[in-house]
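Chemist: everything below, folded, please.
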Amino acid sequence: MNNKQKKTYNAIFANPIHRDIVWNDVVSLIKALGGTVKEGNGSRVRFDLNDLSLNIHSPHPQKELKKYQVKAIRYFLINAGVEI
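Modeler: Here you go, the predicted structure:
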């Protein structure tokens, strides 16, 4: 995991929730943790990591995550047992 991915991880777990987390940085983080990213129809994306899945929509037209998306990814990482 590189420094940018560590910063993204820390931003996901920061309080209050950051509103400047970029979608592509999250995709990079999931892949670096050994997960897979599958794009579905439209903006639908599925993250798979440690036998868990998260179905989420990628943000559009902006590239930053909304607050509820950050929370969903945060709980997904916790449930997947990710610690750095």
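Chemist: for the rest of this, base every contact and every neighbour count on C-alpha atoms.
Modeler: Will do.
Chemist: can you pull the buried residues of the top helix by length along the chain?
Modeler: Secondary structure of the chain per DSSP state H: the longest helix is helix 67-79. Under the neighbour-count criterion of 16 or more other C-alpha atoms under 10 Å, helix 67-79 has 69-70, 73-74, 76-77 buried.
Chemist: the closest residue in space to Gly34 that isn't next to it in sequence and Asn15: what is the separation?
Modeler: Distances taken as C-alpha to C-alpha, 6 or more residues apart in numbering place Leu49 nearest to Gly34, at 6.8 Å, with adjacent residues excluded. Here Leu49 is placed at a distance of 24 Å from Asn15 (C-alpha to C-alpha, to the nearest Å).
Chemist: quick one, what contacts Lys63?
Modeler: Lys63 sits next to 22-24 when contact means C-alpha atoms under 8 Å, 6 or more residues apart in numbering.
Chemist: between Leu49 and Asn15, who's got more neighbours?
Modeler: Between Leu49 and Asn15, counting by other C-alpha atoms under 10 Å, Leu49 is the more crowded of the two (21 against 8).
Chemist: hmm, the more buried one is touching Lys38, no?
Modeler: No. Judged on C-alpha atoms under 8 Å, Leu49 makes no contact with Lys38 at a distance of 11.6 Å.
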